[in-house]
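> Whatever this is, show me its structure:
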Amino acid sequence: MDELKSIIRDIHDFPKKGIVFKDITTLLQDAKSYHRMIDLLSHHYIGKHVDKVIGVEARGFIIGSALAYKLGAGIVLVRKPGKLPSETFSKTYALEYGTDTLEIHKDAIKPGERILIADDLLATGGTMAAVVDLVQSMGGELVDCCFMAELEFLEGRKRLPEGKVFSLLKF
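Coordinates of the predicted model:
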């Protein structure tokens, strides 16, 4: 894991002063590291019967699509408002500086389907908590919330269902 962690670069003062941004593009553009990361994540879910993987806009699409392929599951996109063409459910949630909203197609999840939610990074957990609410309100059964990396000091997993978080890399 240290090898994968070392490939992710830190960008200081982005997107604002005092923030150290974990730039995953360096890992994604390295074919060997990207394949290894997806293989390690997918291995965690073999035998757990995942019907669909949700990719959360936008980097979650990269992780979620690859996981869905490896697990033989469908892929569902959760996007910002106005980006999905059919009828949607939406969830507005609090950010430290305001609110944001996410949408999912109304027909994306059938009651009882086993859902894995994937994103690149777990920080404060607000976005993922909103997606969990959408899944549960649609009758989906949450398998897990899956992340390539987690910023443990922000304690985002405390906002998510206990025992339903897996992060490959921890910072």
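> Please enumerate the helices of this protein.
Using DSSP state H, the helices assigned to the chain run over residues 2-7, 25-28, 31-43, 59-71, 126-137.
> isn't residue 27 right next to residue 33, touching?
Yes. If you go by Cβ atoms under 8 Å, residue 27 and residue 33 touch, sitting 5.0 Å apart. Placement of C-beta: from N, CA and C, glycine included.
> Now the common contact residues for these two.
Both residue 27 and residue 33 are contacted by 4, 7, under the criterion Cβ atoms under 8 Å, 6 or more residues apart in numbering.
> Between those two, point out the one with more neighbours.
Ranked by neighbour count (other Cβ atoms under 10 Å), residue 27 and residue 33 place residue 27 first, with 22 against 17.
> so what's that one up against?
Counting by Cβ under 8 Å, 6+ apart, residue 27 makes contact with 4, 7-8, 33-34, 37, 148.
> what's the neighbour count on the closest residue to residue 12 other than its chain neighbours?
Nearest non-adjacent residue to residue 12, counting by Cβ to Cβ, 6 or more residues apart in numbering: residue 20, 5.6 Å away. Neighbourhood size, residue 20 [other Cβ under 10 Å]: 12.
> Next, the contact list for residue 20, please.
10-12.
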